[in-house]
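Peer 1: here you go, sequence then predicted model.
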Amino acid sequence: MTAPLTYAPEVRAALDAGRPVVALESTIITHGMPYPQNLETARAVEAEVRAAGAVPATIAVMGGHIHIGLTEAELERLAQAQGVMKLSRADLAVCLASGATGATTVAATMICAQLAGIAVFATGGIGGVHRGAENSFDISADLAELGQTAVTVVAAGAKAILDLPKTLEVLETNGVPVIAYGQNDLPAFWSRSSGLTAPLRADTPAEIAGAHLMRARLGLPGGQLITNPIPAEAEIPRAEITPVIETALAEAAAQGIAAKAVTPFLLQRIFELTGGRSLRANIALVLNNARLASRIAAEIVAQR
Ligand code: PSU
Ligand code: MN
């Protein structure tokens, strides 16, 4: 018995022909953005991947199957659905076995991409070590997944709602290369700089593809985290976003928000508190990541 994968015809054809494919997650659609911007963004990200010469494969769980690539109707249904499960490594099999609908986080999307033979995955931000983790133990399963699943993930860094120094420490412990693209600083999602220096730097998609392929030759099981700074024109500078983040975090603590609910709560509050500016930035950075991921996927195909 093999994994229950259902491929969109376009994705299957590209994988069979050895053409570049970029995986995309679905939690950003169901839990990361409000409707209808979530649907518009999902479509725009797919279009961006196509424009860059790769094939997009948005991943979600429906009817007992892992869908590798969604139809327009499936994308629309997911974007409006209520009560969709947020799937990480822990929930994936239970969701599939039950037949429920589930959206894949970074961790679950990596697992599904690897099963499908997709090397590169574009998203917005990854989960990380939450502030106060020394008490809550809230550390995203995304970090452990990066240590064990061989997919190159392109993100805009980790959000400053997290404890970024601790997030870097856990990634290092898990053997994950954290590579800043085109700069020395670790990007912080809405801001181009976190004020921290990234452990590694790459300036071209070819370097990143070369390192991805070298990891396979070395038999190293984990992935790579590429942190791609948000385009300057869409950036919310650190000094502006910091007080908003502090307010949202204080509200989450006061309301006892915990576990899986933390990230969606904070994203929604920051959206409200910035009058939608955080969402516009989020959309710009996801598109930017889709472009870079497509170029990396093309380089991996070329160098293979
Ligand atoms: N960061 C965002 N938008 C998101 C997420 C993170 O800016 O939608 C989602 C991703 O799917 C990520 C997940 O994998 O949240 C992390 O959730 P948690 O912290 O519960 O592991
Ligand atoms: Mn968590």
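Peer 2: That came through fine. Ligands and ions are numbered 1, 2, ... in the order given.
Peer 1: spit out the contact partners of T152.
Peer 2: Counting by Cβ atoms under 8 Å, 6 or more residues apart in numbering, T152 touches 119-121, 208, 212, 223-224, 226, 293, 296, 300. The way it works is simple: take the backbone N, C-alpha and C, and place the C-beta from them, glycine included.
Peer 1: closest one to ligand 1 out of those, please.
Peer 2: F121 (10.6 Å; Cβ to the nearest ligand atom).
Peer 1: any idea which of the contacts of T152 has the most stuff around it?
Peer 2: Using other Cβ atoms under 10 Å as the neighbour criterion, A293 leads those with 33 neighbours.
Peer 1: so which strand or helix has that one?
Peer 2: helix 277-303 (DSSP states H and E).
Peer 1: what helices or strands is that helix leaning on?
Peer 2: Judged by 3 or more Cβ pairs under 8 Å, 6 or more residues apart in numbering; DSSP states H and E, helix 277-303 is in contact with strand 21-24, helix 37-51, strand 120-122, strand 152-155, helix 205-218, helix 262-273.
Peer 1: buried residues in it?
Peer 2: Within helix 277-303, the residues that count as buried by 16 or more other Cβ atoms under 10 Å are 277-279, 281-301.
Peer 1: quick one: contacts for the residue of the stretch 201-304 of the chain found nearest ligand 1?
Peer 2: Proximity of the stretch 201-304 of the chain to ligand 1 (Cβ to the nearest ligand atom) peaks at T263, 4.2 Å away. Contacts for T263 (Cβ under 8 Å, 6+ apart) come out as 31-32, 127, 140, 161.
Peer 1: in this structure, what residue is nearest ligand 1?
Peer 2: G32 (2.6 Å).
Peer 1: helix, strand or coil for K86?
Peer 2: Here K86 is strand, with the state taken from DSSP: H, G, I helix; E, B strand; the rest coil.
Peer 1: any idea how far the helix holding A293 is from the chain center?
Peer 2: Here helix 277-303 is found 10 Å from its chain centre; the criterion is Cα atoms, centre = their mean, to the nearest Å.
Peer 1: and the angle for that helix with helix 205-218?
Peer 2: Calculated by axes from the mean of the first three to the mean of the last three Cα atoms, to 10 degrees, helix 277-303 forms an angle of 60 degrees with helix 205-218.
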